[in-house]
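Q: show me the folded form of this:
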Amino acid sequence: MKNVLRISALLLLLISSHLSSSQLLRAQSKWERIGEEGFNGVAYISSTKVIAVANEGRILTSMDAGKTWTRQTIPSQTDLVGISFFGTDRGIIIGFQQGEIFVTTNGGTTWQPPTKSINDICNQVDFVSNDTAFIIGSQGRIYRSIDGGKSWNVLTTGITSNLNRMQFADTRNGFAVGDSGVILHTTDGQTGLWK
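A: All right, here's what the predicted structure looks like:
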């Protein structure tokens, strides 16, 4: 009798795990195509608010977790390639060419260019604290803002390879990777020391 109960329990476990797998497959098949734009970045601001950036200066915002989208415009036709938020109010969008940057302090309702921008190809932006953000770009350049994205300064890395992605664990510890096998690391993100 114990063996029959064990086998029954095992069958129930297998059936329930099978149902979970098929439910997961159905959930994965619910991806929808929103439009024809070339989307390049997305930020999940809250459980319901999502902002996506696209080519030709397009920004789409959803206030209902992606069910509906509203298009925003900014005074630029650049391909927007990155977006990062710190909290729900402070955000930065970057354009690929000529270092176009747009900053928000009201959750993306409005976007403004910074007072001091950069003239470089931008590949990624990352807000790491309320005031500190980094942008990586071409020829090993890393840009840092300590005023919430209003102005930017270039940091010297000693390399000339393009940087493609970065990730911070916290406000001090981050990595940047790039072409030609480049991996850079900082243990003091606030002062921007990269090795």
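Q: got the phi and psi for residue 80?
A: Backbone torsions for residue 80, taken as degrees, to the nearest 10, come to phi -80, psi 130.
Q: tell me, how many residues neighbour it?
A: Residues lying near residue 80 (other CB atoms under 10 Å) number 27. Where C-beta positions appear, they are placed from N, C-alpha and C, glycine not excepted.
Q: beta partners of it?
A: Note on residue 80: beta-bridge partners by DSSP bridges are residue 95.
Q: and the gap between residue 78 and residue 93?
A: 10 Å (CB to CB, to the nearest Å).
Q: how about residue 102?
A: From residue 102 to residue 93 the distance is 5 Å (CB to CB).
Q: tell me how many other residues crowd residue 146.
A: Around residue 146 there are 16 residues (other CB under 10 Å).
Q: surely it and residue 132 touch.
A: Yes - using CB atoms under 8 Å, residue 146 is in contact with residue 132, at 5.5 Å.
Q: ok so, going back, and residue 78 and residue 93? which has more neighbours close in?
A: Higher neighbour count among residue 78 and residue 93: residue 93, with 29 against 19, using other CB under 10 Å.
Q: excluding sequence neighbours, find me the nearest residue to residue 72.
A: Distances taken as CB to CB, 6 or more residues apart in numbering place residue 59 nearest to residue 72, at 4.1 Å, with adjacent residues excluded.
Q: same question for stretch 111-119, mean pLDDT?
A: Across stretch 111-119, pLDDT averages out at 81.
Q: in it, what's buried?
A: Of all the residues in stretch 111-119, those buried under the rule 16 or more other CB atoms under 10 Å are 111, 114, 117-118.
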